[in-house]
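Novice: Just the structure for this:
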Amino acid sequence: MAFLNHDVERKTLTILKVLSSFQKPVGSRVIGQHLKDYGFDLSERAIRYHLRLMDERGLTTLVGRKDGRALTDKGLEEIRSALVKDKVGFAISRIETLAFRTEFDYVSRRGTIPVNISIYTKDRFRRALHAMKPAFERGLCVSPLVAVLDSGHRIGDMVIPDGQVGLVTVCSIVINGTLLKAGIPMDSRFGGILQLHDRRPMRFTEVINYNGCSLDPSEIFIKAKMTTVREAAATGSGQILANFREIPAICRSLAESVVEEMRSAGMGATITIGNTSEDLCETAVDPNKIGVVLLGGLNPVAAAQEAGIEAENHSMSALMEYENLVDYREVLCG
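Specialist: Predicted coordinates for the structure are as follows:
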């Protein structure tokens, strides 16, 4: 897309990102609604103009006048090779975008949830699941709910490759999004390695701030083999993936109520909530704020990595309907 001017290029890439978040064709009206999440307010006529250009480039295809557009493989590749400058600060911007687009309702137990995707070769997938079992059983995960994607399945901006399987795990951003819907803003500070002792959170031993980081810190820590999730599951002491957030102190009561309701819906990401302006897990908290420590959604995947079963991880990568997730035990027994 080198011949296009910068403004058109950015709009085109953003439309591609919107399309990638749907698993079915969508029309210009729906695209326009979601473009506002990225700061673009375009008319349906303007969107149709860009879509025609994208059709000519082979990035999208018109499925039907009523059904709308769908991404092509070339369109997916264009997203993956997006400009480097669009990836700077990716982690924090992705957190904020996914939180805003989370539609999970813990009462009806419906709506979209942010997820991570870990890709395994088919011959190692069952072994990986069994290696993850202790992490799920001990609650060292955001949720026991998962999904399995066969090769060829499209989710977000990726397609599961031939001969491989995708494991979907719930991302801790579901807490951000659900609290946001309840009117509680949440500031995402960093991802890190949290030391547990006797199943109690003690301190962060390593941290990576989200600002300016193009990867989820969890992916980095897993690749660096810095976790001991299996040990933590077995003994109650070890190094696990966790995230540090802050919320306004005035929101504490409401936040605790929402968190408890989410636990009943299988979303138990919150490890601990601190006190007003007090350090939490040896981390300073801003004045009139409360620290919140969340479990990392990739802890089960880290447990498999520790057992020598590696995955290609894409954290904070897509949204999935709550009703499409199942308890991990169903997958293990399947």
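Novice: helices or strands next to the helix or strand hosting Val115 in the packing?
Specialist: Here Val115, judged by DSSP states H and E, is contained in strand 112-121. Where contact means 3 or more C-beta pairs under 8 Å, 6 or more residues apart in numbering; DSSP states H and E, strand 112-121 is packed against helix 90-101, strand 164-170, helix 173-181, strand 312-321. Bear in mind the C-beta positions are built from the backbone N, C-alpha and C, glycine included.
Novice: Neighbouring strands - and their directions - for that strand?
Specialist: Partners of strand 112-121 in the sheet, by DSSP bridges, are strand 164-170 (antiparallel), strand 312-321 (antiparallel).
Novice: now that strand: mean pLDDT?
Specialist: Averaged across strand 112-121, pLDDT comes to 96.
Novice: and that strand with helix 90-101, angle?
Specialist: Interaxial angle of strand 112-121 relative to helix 90-101 (axes from the mean of the first three to the mean of the last three C-alpha atoms, to 10 degrees): 130 degrees.
Novice: relative to helix 173-181, how tilted is strand 112-121?
Specialist: Put simply, strand 112-121 runs at 170 degrees to helix 173-181, going by the same axes, to 10 degrees.
Novice: Show me what counts as buried in stretch 138-157.
Specialist: Across stretch 138-157, burial judged by 16 or more other C-beta atoms under 10 Å covers 138-149, 153-157.
Novice: Among those residues, name the ones in strands.
Specialist: If you go by DSSP state E, the buried residues of stretch 138-157 have Leu145, Val146, Ala147, Val148, Leu149, Arg154, Ile155 in strands.
Novice: could you pull out the strands for the stretch 201-334 of the chain?
Specialist: Under the criterion DSSP state E, counting those that start in this stretch, strands of the stretch 201-334 of the chain are mapped to 238-248, 270-273, 289-295, 312-321, 326-327.
Novice: Reformat those strands as a markdown table; add mean pLDDT and distance to Ser20.
Specialist: Below are the strands of the stretch 201-334 of the chain laid out as a markdown table (pLDDT from 0 to 100; distance: least, C-beta to C-beta, whole Å):
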| stretch | mean pLDDT | distance to Ser20 |
| --- | --- | --- |
| strand 238-248 | 98 | 24 |
| strand 270-273 | 93 | 29 |
| strand 289-295 | 97 | 26 |
| strand 312-321 | 91 | 8 |
| strand 326-327 | 96 | 24 |
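Novice: Indicate which one of the ones you listed is closest to Asn116.
Specialist: Distance to Asn116, taken as C-beta to C-beta, is lowest for strand 312-321 among these, at 4.3 Å.
Novice: How far does that closest one sit from its chain's centre?
Specialist: Strand 312-321 has its C-alpha centroid displaced from the chain centroid by 5 Å (C-alpha atoms, centre = their mean, to the nearest Å).
Novice: Please apply the same query to stretch 199-210.
Specialist: On C-alpha atoms, centre = their mean, the centre of stretch 199-210 falls 19 Å from that of its chain.
Novice: again, but for stretch 55-68
Specialist: Between the centre of stretch 55-68 and the centre of its host chain there is 28 Å, according to C-alpha atoms, centre = their mean.
Novice: Flag every buried residue along it.
Specialist: Quick answer for stretch 55-68 (16+ other C-beta under 10 Å): Leu59, Thr60, Gly68.
Novice: show me what contacts Leu19?
Specialist: Counting by C-beta atoms under 8 Å, 6 or more residues apart in numbering, Leu19 touches Val26, Ile31, Thr60, Arg69, Ala70, Leu71, Gly75.
Novice: can we see that at 7 Å?
Specialist: Val26, Thr60, Arg69, Ala70, Leu71 (C-beta atoms under 7 Å, 6 or more residues apart in numbering).
Novice: Phi, psi for the last one please.
Specialist: Translated: Leu71. phi -70, psi 150 (degrees, to the nearest 10).
Novice: what kind of secondary structure is the closest residue in space to it that isn't next to it in sequence in?
Specialist: Distance criterion C-beta to C-beta, 6 or more residues apart in numbering; nearest residue to Leu71, sequence neighbours excluded, is Leu19 at 4.9 Å. Recorded secondary structure, Leu19: helix (DSSP: H, G, I helix; E, B strand; the rest coil).
Novice: low pLDDT regions in the stretch 151-300 of the chain?
Specialist: For the stretch 151-300 of the chain, the stretches with pLDDT under 70 are 212.
Novice: ok, 80 please
Specialist: Scanning the stretch 151-300 of the chain for pLDDT under 80 picks out 156-158, 212-215.
Novice: And the helices in this structure, which stretches?
Specialist: For the chain, helices defined by DSSP state H occupy the ranges 6-20, 28-35, 44-57, 73-80, 90-101, 122-137, 173-181, 217-223, 229-235, 252-264, 299-306, 328-333.
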